[in-house]
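# could you look at this predicted model? Sequence included:
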Amino acid sequence: MADIAEAIFSRLSTDATVAALVKKRIYPFTPVDPVQRPYVTYHLVSMGPRPHAMGADPAVVTDRYQVDLWADTYNKLITLNTAVMAVLSRWRGTEAGVTIQASFHVDRRDFYEKDTKYRRRSLDFEISWEE
């Protein structure tokens with residue numbers, strides 16, 4: 001069964017602009033080893049309800065995913081943000097065998113990681129997809 005996380009990875013990794021910025025440095029959760037920046041991580045924040053009906057389960061669900069952008073400088077962070085927003089915001093269609101009905105950007109937070117001196121922007125997306 002296809003999964004929305006696979007579709008997110010495929011969408012980000014096959015976009016020419018995103019790939020030019022991060023190469024293949026796109027990871028679920030956190031990279032195992034420290035990696036060169038910039039890079040992207042993503043993970044499920046909350047799973048939407050899976051409604052049940054008599055005899056059949058509705059196939060469309062909405063999950064919330066957090067996509068974190070990591071960079072050494074604020075300018076690189078903003079450049080990566082622009083690329084990722086163009087790819088994931090208002091996304092519709094089929095990717096990696098998953099039908100996405102709608103993807104909406106719903107939140108954003110900026111962080112400075114004092115220990116590592118990384119800049120991080122967290123983007124939240126609500127993605128409606130056919131499970």
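Here it is on my side, so go on.
# which residues are contacting the longest helix seen in the chain?
Using DSSP state H, we find that the single longest helix of the chain is helix 74-88. With contacts defined as CB atoms under 8 Å, 6 or more residues apart in numbering, helix 74-88 is touched by 8, 11-12, 15, 17-18, 21-22, 37-38, 40, 67, 69-71, 103, 105, 119-121, 123, 125. No exception for glycine: its C-beta is placed from N, CA and C like everyone else's.
# now, the residues you listed that are in helices?
I8, R11, L12, T17, V18, L21, V22.
# compare these and tell me which is most surrounded.
Counting neighbours by other CB atoms under 10 Å, I8 comes out on top of the ones in helices among the contacts of helix 74-88 with 29 neighbours.
# give the contact list for that residue.
Y42, Y65, V67, L88, I127 are the contacts of I8 under CB under 8 Å, 6+ apart.
# swap in 7 Å and give it another go.
Counting by CB atoms under 7 Å, 6 or more residues apart in numbering, I8 makes contact with Y42, Y65.
# and the residue nearest the centre of the chain, how far from V87?
By CA atoms, centre = their mean, the chain has its centre lying nearest to V67, at 4.0 Å. Separation of V67 from V87 (CB to CB, to the nearest Å): 10 Å.
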